[in-house]
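Novice: Structure for the following, please:
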Amino acid sequence: MKAAATMSPAGKLARESRFADPDAAFRLLAQAHRDLGERESAAFNARLVLILANHIGDEEVLREAVALAREAS
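Specialist: All right, here's what the predicted structure looks like:
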């Protein structure tokens, strides 16, 4: 488990990058959308979000992530 400094004060959501190579992770996500139309890309994102949410498996962390994502929009 990561040190407390990487977690939010109120919960368990990691706020700092946990990737050894964040740029490679971003490229992987960007490349996954290559050759997809707008609807296909949105459907891919929805499937990926559900897969990763299931992997997290913690409703408190998921709530924090949803709140953080909404703040950024």
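Novice: low pLDDT regions in the chain?
Specialist: Confidence mapping of the chain against pLDDT under 70 gives the ranges 1-10.
Novice: Tell me the gap between the lengthiest helix in it and the middle of its chain.
Specialist: Assignment by DSSP state H gives helix 38-56 as the longest helix of the chain. Mean C-alpha position of helix 38-56 versus that of the full chain (CA atoms, centre = their mean, to the nearest Å) differs by 10 Å.
Novice: And the helix or strand just after that helix, how far out from the chain middle?
Specialist: Once the chain leaves helix 38-56, the next helix or strand it forms, by DSSP states H and E, is helix 59-71. Relative to its chain's centre, helix 59-71 lies at 10 Å (CA atoms, centre = their mean).
Novice: Helix 38-56 and helix 59-71, what's the angle between them?
Specialist: Interaxial angle, helix 59-71 versus helix 38-56 (axes from the mean of the first three to the mean of the last three CA atoms, to 10 degrees): 150 degrees.
Novice: Going by neighbour count, list what's buried in helix 59-71.
Specialist: Buried residues in helix 59-71, defined by neighbour count with 16 or more other CB atoms under 10 Å: 61, 62, 64, 65. The way it works is simple: take the backbone N, C-alpha and C, and place the C-beta from them, glycine included.
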